[in-house]
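> sequence and predicted structure, then a few things I'm wondering about:
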Amino acid sequence: MKTGTERFLPIGVYVLAFSLFAMGSAEFLLAGILPAVAQDIDVDLAAAGGLITAFAVGVVIGGPPFAVLSLRWPRRAALIVTQLAFAASIAAGIVAGTYPALLVSRFVAGLAYAGFFAVAAVTAVGLVASDRAARASGVVVSGLSLAMILGGPAGTFLGYQIGWASGFWLVVTLTVMGAATTAFVLPRTTAATEPSIRRELDAMRQPRLWLILLVTMLSTAAYMISFSYLSELLRSISRVPDAWIAAVLVLFGVGAWAGLTIGGRISDRRPHLALVTGAVGIAASSVLIAVFAAHPLIVVPLVLVLGVFGFVLNPALYGRVFRIAGDAPTLAGATTVSAFQLGIGIIPVLAAVVLEQGLPITAAVWIGAGIAVLTIPLIVIDARLGSGGREDGERQSVSARVLPGRPSGDSAYRQDRRGSHR
C-alpha cells in the first residue's frame, strides 16, 4: 500500500502551480478581450495584437538573463520578486491606460513571467526526489492549462461585463496572493555558497541539450499552430455556431490538463516513450482534424485529443532538460521557457507561408502535423545518445544542485519534507 509520501507531492509544488495559473491567465485573457482593448485605447486590432507580441518578446529574452542574475538569490526570494514585479507591471499598464504604457508593461510582465517560470520549474524539481522530477514539473506547468481552461475565460467574461481592465485586476490580485503564499509555504533556502556562472554556461554547451530545446520549440509549434486557427476552422468549415466555439476550445485545455497528468506519471521512467507518443499523437490528431474538418461530430472530440497529446510531452521535455543540464538547472530551465515561447512565436510566420497563398485554413493544421513528424527522428536521436550516457549521474546532479544547500536523495527528501504533504 502506498504511503502519503509516495502518492502526493509537497504542497509547495501546488503553490507554484497556482502562481503560474494566476500569471498565465493574463496571457490567455488578452486574446479574448483584444477587440475591447483596441476600441478603448483607440488603436486598430493589428496594433493591439502588438501587446501579445510584446509579452512574448519579454518571455523569450527575459528568462536566461534573469537566470544568471538570480544565481546568488535564494529561490524563494527570486519567486516572490518576479511575482510582485509581474503584478506591478500589469497594474501600472492598467492605470496608465495608454497604448505605449500597455506595450511597455506587457514587455516587463513578460520578463518577470519568464523569470518566475524558470525558477519555479527548478524549485519544484528540488522539492522532490529525483525520480519524481518530471511529475513535479508537470504539476507546475499544469497551472498554465488551468489558466487556459478557467483563468482566461473567467477574465474574458469579467472584461465584457464590467470593463476589460477588471480581468487584469483579478490577475494582479491572484498573483499577489500567490506571492504571499509562496513566502509562507515554501521552505527557506539559501543561494549557492559558490555559484558559478561559468559552470552554468559550460553545461549549456552540450549538443544534447540544444537537441531537446529544438524538440521543445518544434513540438510546441506543432500543436499550437492548430490550436491558434481552430476558431476559424470550427466557424468556417465545421460550421459550429459561434456561441459554442469557446466551449469547444475549452476542451483543448481539458485535454492539456489530462496530458500533463499522464505525462508527469510516465516521464520520469520512460521519457522518450512520452515524447514519441506525444509527437505521433499530435501528427495523427492534426491529420484527422484536417481530413474531417467538415464533420463537427468528429472534429470536436479531436480537439480534446490534440490537447492531450500536445501536453503529454511537456513533463518529459523538462525532465530531459534537467537531467542533461544538471549543472545548469536555472539557466537551462529559463532557456526551456524561451524555447516554448519561440515555438508559439514562429506560428504566424509558418501560417503566413500558406494562408497568404489563398489556401484553406486546414493548411495550418497540416503544417502542425508535418512539424510533429519532424520531431520524431530528433527524439529518436536523443534516445540513442542517452542510452550510453550519464543518466544516473545527471539525476544526482539535478538533485544536488536545483536547491543549493539542501540535502539530496530520497531519504533526505523524506526527512526534510516530513509533514509538508497534502
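All right, it came through fine.
> which residues touch stretch 346-360?
The contact list for stretch 346-360, computed with CB atoms under 8 Å, 6 or more residues apart in numbering, reads Met217, Ala221, Met224, Ile225, Ser228, Tyr229, Ile237, Ile361, Ala363, Ala364, Ile367, Ile371. For every residue, glycine as well, the C-beta is placed using N, CA and C.
> for stretch 243-261, same thing?
Contacts of stretch 243-261 (CB under 8 Å, 6+ apart): 138-139, 141-142, 144-146, 148-149, 153, 227, 230-231, 234-235, 240, 278, 300-301, 303-315.
> let's see it at 7 Å
138, 141-142, 145-146, 148-149, 153, 227, 230-231, 234-235, 240, 300, 303-312, 314-315 (CB atoms under 7 Å, 6 or more residues apart in numbering).
> what's the mean pLDDT across stretch 157-171?
The pLDDT scores in stretch 157-171 average 80.
> can you show me the CA trace of it as PDB?
Only the C-alpha atoms of stretch 157-171 are listed here, as PDB (Å, rounded to 0.1, in the frame of the first residue of the first chain):
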ATOM      1  CA  PHE A 157     -16.300  37.200 -19.000                       C
ATOM      2  CA  LEU A 158     -15.500  39.900 -16.500                       C
ATOM      3  CA  GLY A 159     -13.900  42.000 -19.200                       C
ATOM      4  CA  TYR A 160     -17.000  42.100 -21.200                       C
ATOM      5  CA  GLN A 161     -19.300  42.500 -18.200                       C
ATOM      6  CA  ILE A 162     -17.600  45.300 -16.200                       C
ATOM      7  CA  GLY A 163     -14.700  46.500 -18.400                       C
ATOM      8  CA  TRP A 164     -11.600  44.900 -19.900                       C
ATOM      9  CA  ALA A 165      -9.400  46.100 -17.000                       C
ATOM     10  CA  SER A 166     -11.400  44.100 -14.400                       C
ATOM     11  CA  GLY A 167      -9.900  40.800 -15.700                       C
ATOM     12  CA  PHE A 168      -6.400  42.100 -15.300                       C
ATOM     13  CA  TRP A 169      -7.100  43.400 -11.800                       C
ATOM     14  CA  LEU A 170      -8.200  39.900 -10.900                       C
ATOM     15  CA  VAL A 171      -4.800  38.600 -12.300                       C
END
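> and Glu315, which helix or strand is it part of?
Careful, residue 315 is Pro and not Glu. helix 314-324 (DSSP states H and E).
> just checking, what packs against the following helix or strand past that helix?
The helix or strand immediately downstream of helix 314-324 is helix 329-345, counting by DSSP H and E. If you count contacts as 3 or more CB pairs under 7 Å, 6 or more residues apart in numbering; DSSP states H and E, helix 329-345 packs onto helix 45-69, helix 99-126, helix 197-203, helix 207-228, helix 314-324.
> most tightly surrounded among those?
Neighbour counts (mean count of other CB atoms under 10 Å) averaged over each of the helices and strands packed on helix 329-345 peak at helix 314-324, with a mean of 29.
> in terms of secondary structure, what does that one contact?
Against helix 314-324 (3+ CB pairs under 7 Å, 6+ apart) you get helix 133-146, helix 207-228, helix 242-266, helix 271-291, helix 329-345, helix 391-401.
> the ones you listed: which one's closest to Pro35?
Across those, Pro35 has its closest neighbour in helix 242-266 (13.8 Å, CB to CB).
> ok, and for that closest one, which residues are buried?
Buried residues in helix 242-266, counted by 16 or more other CB atoms under 10 Å: 245, 248-264, 266.
> same check on stretch 82-92?
Applying 16+ other CB under 10 Å to stretch 82-92 flags Thr82, Gln83, Leu84, Ala85, Phe86, Ala87, Ala88, Ser89, Ile90, Ala91 as buried.
> closest to Arg198 among these?
Thr82 (24.3 Å).
> with adjacent residues omitted, what lies nearest to the closest one?
Spatial nearest neighbour of Thr82, chain neighbours left out: Phe116 (3.8 Å); criterion: CB to CB, 6 or more residues apart in numbering.
> if we can go back for a sec, would you mind giving the helices and strands packed on helix 314-324 as TSV with mean pLDDT added?
Shown next, in TSV, are the helices and strands packed on helix 314-324 (pLDDT from 0 to 100):
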stretch	mean pLDDT
helix 133-146	71
helix 207-228	89
helix 242-266	81
helix 271-291	94
helix 329-345	77
helix 391-401	43
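> distance to Tyr14 for the ones you listed - can I get that in a markdown table?
A markdown table is the format used below for the helices and strands packed on helix 314-324 (distance: least, CB to CB, whole Å):
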| stretch | distance to Tyr14 |
| --- | --- |
| helix 133-146 | 7 |
| helix 207-228 | 24 |
| helix 242-266 | 13 |
| helix 271-291 | 22 |
| helix 329-345 | 19 |
| helix 391-401 | 20 |
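> what's the closest of those to Arg384?
helix 271-291 (9.6 Å).
> in the closest one, what counts as buried?
271-290.
> rewinding a little: pull out the buried residues from the contacts of stretch 243-261.
Among the contacts of stretch 243-261, the ones that count as buried (16+ other CB under 10 Å) are 138, 141-142, 145-146, 148-149, 153, 227, 230-231, 234, 240, 300, 303-312, 314-315.
> I figured Ser142 hits Leu16, correct?
No: in this structure Ser142 lies outside contact range of Leu16 using CB atoms under 7 Å: 10.4 Å.
> grab the nearest non-local neighbour of Gly310.
Tyr223 (3.3 Å).
> how much space separates the nearest residue to Asn314 once chain neighbours are set aside from Ala120?
Distances taken as CB to CB, 6+ apart place Val141 nearest to Asn314, at 5.2 Å, with adjacent residues excluded. Distance from Val141 to Ala120, counting by CB to CB, to the nearest Å: 9 Å.
> ok, Met224 next?
21 Å.
> just want the most central residue of this structure.
Most central in the chain under CA atoms, centre = their mean is Val141, positioned 5.4 Å from the mean C-alpha point.
> look through the protein and tell me its longest helix.
helix 11-41 (DSSP state H).
> how far out from the middle of the chain is that one?
12 Å (CA atoms, centre = their mean, to the nearest Å).
> got the angle for that helix vs helix 99-126?
Helix 11-41 runs at 170 degrees relative to helix 99-126, counting by axes from the mean of the first three to the mean of the last three CA atoms, to 10 degrees.
> what residues sit buried inside helix 11-41?
In helix 11-41, counting by 16+ other CB under 10 Å, buried: 11-30, 32-34, 36-38, 41.
> quick check: mean pLDDT of that helix?
Here the average pLDDT along helix 11-41 is 82.
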